[in-house]
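J.: Prediction below, plus the sequence it came from.
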Number of protein chains: 2
Amino acid sequence: MVPVSVEIPLQERSYFIDIGSQLLDALGAHPALPKGTSALIVSNETVAPLYADRLLAALKHKYGIVHIVVLPDGEEHKNWQTLQKIFDVLLENGADRKTVLFALGGGVIGDMTGFAAASYMRGVPFVQVPTTLLAQVDSSVGGKTAINHPLGKNMIGAFYQPQLVVCDLDTLDTLPQRELAAGIGEIIKYGPIYDMEFFSWLETNMDALLRRDRAALAHAVKRSCEIKAWVVGQDEREAGLRAILNFGHTFGHAIEAGMGYGTWLHGEGVAAGMVMAGELSRRLGMVDAAFVERLRALIVRAGLPVRGPRIDEADNAGRYLQLMRVDKKSEAGEIRFVLIDGPGKAVVKPAPDALVREVIDACCA
Amino acid sequence: MVPVSVEIPLQERSYFIDIGSQLLDALGAHPALPKGTSALIVSNETVAPLYADRLLAALKHKYGIVHIVVLPDGEEHKNWQTLQKIFDVLLENGADRKTVLFALGGGVIGDMTGFAAASYMRGVPFVQVPTTLLAQVDSSVGGKTAINHPLGKNMIGAFYQPQLVVCDLDTLDTLPQRELAAGIGEIIKYGPIYDMEFFSWLETNMDALLRRDRAALAHAVKRSCEIKAWVVGQDEREAGLRAILNFGHTFGHAIEAGMGYGTWLHGEGVAAGMVMAGELSRRLGMVDAAFVERLRALIVRAGLPVRGPRIDEADNAGRYLQLMRVDKKSEAGEIRFVLIDGPGKAVVKPAPDALVREVIDACCA
């Protein structure tokens, strides 16, 4: 298949996302690859054995010196200790400001590599090679990089743009089905908040996506990146509009934090969170029951959870509220929900605690 | 005295540096203070007992909630563990994106608070209240924030601008003489690289500076900030010209690292480093011996070292070279020296190792 390109227009920080097959081995010849004196591939224990040698071989043509650092796999390792390993390897190898970092893996690798690139010597170039569907549709666009803090997810980070993103759909062949589904959760999001035509396309093509049909994946990744790029282009620093991309995330982050990071996948939390945010929108009179049911049905077809877990036996709703109040999007303790104001349109606003409690009670296992 | 203001013009990141007496207690009413839901004062064990309560009282008028975090004092604490304490306090107090950070202290506090502000939730506003001369003339301008890594100084950080800098010259009354002198070292720098008229002014006014005459201090801080602002305005991200601000720093960083951070003050390393860089310029035929002698004499009058320490008994010059090669300014292992190409004009270029060795041998104790 012919690769497609999505341009992320951010003035002097603009870059391209390439989406297609057989891109990994050809990466060394990519015209948009940043110049540099050396390169460091950052990957994890799961992805490195599958693809790191191939990426290294591809980059050897471009950069004389290419090192690899292999981090432990999982959200629970997205912390300072793991980040420090990247800095250690960079400094031990005498990396300078012309060293290019390559993130080879999922969202955790992308977030940590991006933050390392933003911070090492106050900024070196980096390239993303996302190998999960979630990372291809989500971390590719927006320049958000971060690590977790024991008291909150993604609390420490930077807005920092890659110079190039290459989504090789072939790397999704090795992705476990559960993670593929989690990525589809993040894709479904774009329907309710922006594009119900894309939502209909997903209803028609869900089976093709689940069997990893290249053309279906390419369209889903491309359309998701396009929508996200449009939103981020309006609001790079997340002052307003960009918050709509967090549909399902307010509840989802509470699920992830409440269960302990890594227990639920990010896309799974978002999936159940979208149903909860949809249900909250319905109870506020903004959408009808049929819309919430249609959303729920598509999430079920993707094999994703539509009910939140109980995260506190004594006061489940209270614990959700507590966790949502420390979310980065809350302001002075007021939770700002992304709600659906008619299918295809999102708004960000607070909601009465009592109503949120009702939704949590109704939507949790 | 009437405070003076220097504008740092960086488009939407522009801000003012106020310089004068009796500014601390009036800070809460400053019109350029960022809006916010709460504030956190970051200070250290030395400065907090002197000024933190006064700053807190001043800010209470503006922000309802004001917390203080007191860090250990010293360059050796400019690391992740100390930075983490700032994040801990922010998260324990439910700080959000509208929380304003105040750096109350010297360069270490400014660098760490700035990096914390850059990274916390990917960026919150911050204000600098520098209480050392070095911080007032150096950290106030340029947006460089960072922490050290065991393998190198300032290796992890961000370019991040404050929203306001307030230099209360009265706070310099509590500064030890050695630290005052170190700040003067950084001020002297602006003569050779940019403004020999200012250098002459320093020769005339050195005694006034050393006895902390307010008017002399105000002029020295203002002129240093103006020159630095002009240079940074040309080159915010340190792509080229800005490197001239590192006159004396290449050797100076090697001294600091070689002796162990905190043994020599930054300004002391820069002072001896300026003599070494001046001597290297002379041996390259760019300045005459009279200029180097004039520079040396002024540094002596400030009470600063003009000779570097021995940092390795076996191969002192080799160790200097090794440390300079891992400096952030080096590229692919090539050390880029800031040299004086005639008094008042700096250039950045490499120099033959053999010549650098000669200079180190001639200039070390």
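T.: That came through, no problem.

J.: what's the domain layout of chain A?
T.: A:4-174, A:177-363 (automatic domain parsing).

J.: of all the ones you listed, which lies closest to B:Gly110?
T.: domain A:4-174 (14.8 Å; Cβ to Cβ). Where C-beta positions appear, they are placed from N, C-alpha and C, glycine not excepted.

J.: related to what we said a few turns ago, can you tell which of the domains of chain A is closest to B:Ala216?
T.: When the domains of chain A are compared (using Cβ to Cβ), the closest one is domain A:4-174, at 33.3 Å.

J.: Centre of the chain to the closest one, how far?
T.: Taking Cα atoms, centre = their mean, to the nearest Å, one finds the center of domain A:4-174 at 14 Å from the center of the full chain.

J.: Over to stretch A:195-206?
T.: Taking mean C-alpha positions (Cα atoms, centre = their mean), stretch A:195-206 and its chain are 20 Å apart.

J.: just the CA coordinates of stretch A:257-271, formatted as CSV?
T.: In CSV, the C-alpha atoms belonging to stretch A:257-271 read as follows (Å, rounded to 0.1, in the frame of the first residue of the first chain):
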residue,chain,number,x,y,z
ALA,A,257,-5.5,5.6,39.3
GLY,A,258,-8.1,3.9,41.5
MET,A,259,-7.1,0.4,40.3
GLY,A,260,-3.4,1.2,40.3
TYR,A,261,-1.7,2.2,37.0
GLY,A,262,-1.3,-0.8,34.6
THR,A,263,-4.3,-2.8,35.9
TRP,A,264,-6.7,-1.3,33.4
LEU,A,265,-5.2,-0.2,30.1
HIS,A,266,-5.6,3.5,29.3
GLY,A,267,-7.9,2.8,26.4
GLU,A,268,-10.1,0.5,28.6
GLY,A,269,-10.5,3.3,31.2
VAL,A,270,-11.4,5.7,28.4
ALA,A,271,-13.9,3.2,27.0
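
J.: Could you pull up the mean pLDDT of it?
T.: Here stretch A:257-271 scores 90 as its mean pLDDT.

J.: for stretch A:68-75, same thing?
T.: 94.

J.: Can you give the contact residues for it?
T.: The contact list for stretch A:68-75, computed with Cβ atoms under 8 Å, 6 or more residues apart in numbering or on different chains, reads A:40-48, A:52, A:56, A:77, A:82, A:85-86, A:89, A:108-109, A:112, A:148, A:256, A:261-262, A:266.

J.: rerun at 7 Å
T.: The contact list for stretch A:68-75, computed with Cβ atoms under 7 Å, 6 or more residues apart in numbering or on different chains, reads A:40-46, A:48, A:52, A:56, A:77, A:82, A:85-86, A:89, A:108, A:261-262.

J.: before we move on, back to that, mean neighbour count added to the domains of chain A, as CSV?
T.: Shown next, in CSV, are these (neighbours: other Cβ atoms under 10 Å in any protein chain shown):
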stretch, mean neighbour count
domain A:4-174, 21
domain A:177-363, 20
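
J.: closest to B:Glu203 out of those domains?
T.: Taking the domains of chain A one by one with Cβ to Cβ, domain A:4-174 is closest: 34.8 Å.

J.: need the contact list for the residue in the stretch 101-250 of chain A that chain B sits nearest to.
T.: Relative to chain B, the nearest point of the stretch 101-250 of chain A is A:Leu151 (3.9 Å; Cβ to the nearest Cβ). Listed by Cβ under 7 Å, 6+ apart, the contact partners of A:Leu151 are B:Leu91.

J.: On the pLDDT front, check it for me.
T.: A:Leu151 is given a pLDDT of 87.

J.: measure it to A:Leu104 for me?
T.: Applying Cβ to Cβ, to the nearest Å, the value for A:Leu151 to A:Leu104 is 29 Å.

J.: ok, now A:Leu23?
T.: 13 Å.

J.: Kindly report the same for A:Met206.
T.: Relative to A:Leu104, and taking Cβ to Cβ, A:Met206 is found at 28 Å.

J.: Got the phi and psi for A:Leu175?
T.: Main-chain dihedrals, A:Leu175, degrees, to the nearest 10: phi -80, psi 130.

J.: Which residue is the nearest non-sequential neighbour of it?
T.: A:Thr132 (5.8 Å; Cβ to Cβ, 6 or more residues apart in numbering or on different chains).

J.: doesn't A:Thr174 make contact with the one you found?
T.: No. Using Cβ atoms under 7 Å as the test, A:Thr132 is too far from A:Thr174 to be in contact (9.9 Å).

J.: Enumerate every residue touching the residue positioned nearest the centre of chain A.
T.: Taking Cα atoms, centre = their mean, the centroid of chain A lies closest to A:Asp138, which sits 3.5 Å from it. Taking Cβ under 7 Å, 6+ apart, we find A:Asp138 in contact with A:107, A:186.

J.: Is it located within a helix, as I assumed?
T.: Yes. Counting by DSSP: H, G, I helix; E, B strand; the rest coil, A:Asp138 falls inside a helix.

J.: Backbone dihedrals for A:Val66, please?
T.: phi -130, psi 120.

J.: re the thing from before, what sits against the residue nearest to A:Leu175?
T.: A:106-107, A:175, A:179, A:183.

J.: swap the cut-off to 10 Å and go again
T.: A:47, A:105-110, A:138-139, A:171-172, A:174-176, A:179-180, A:182-183, A:265, A:267 (Cβ atoms under 10 Å, 6 or more residues apart in numbering or on different chains).

J.: Repeat that for A:Phe251.
T.: A:Phe251 neighbours (Cβ under 10 Å, 6+ apart): A:269-270, A:272-277, A:279-280, A:308, A:320, A:323-324, A:327, A:335, A:337-338, A:356, A:359-360, A:363-364.

J.: Same question for A:Ile8.
T.: A:Ile8 neighbours (Cβ under 10 Å, 6+ apart): A:14-17, A:140-143, A:161-162, A:165, A:225-226, A:228-230, A:232-233, A:236.

J.: SS state for A:Met286?
T.: Per three-state DSSP, A:Met286 ends up coil.

J.: From B:Leu40, how far off is it?
T.: 37 Å.

J.: From A:Pro176, how far out is the residue nearest to A:Leu175?
T.: Applying Cβ to Cβ to A:Thr132 and A:Pro176 gives a distance of 10 Å.
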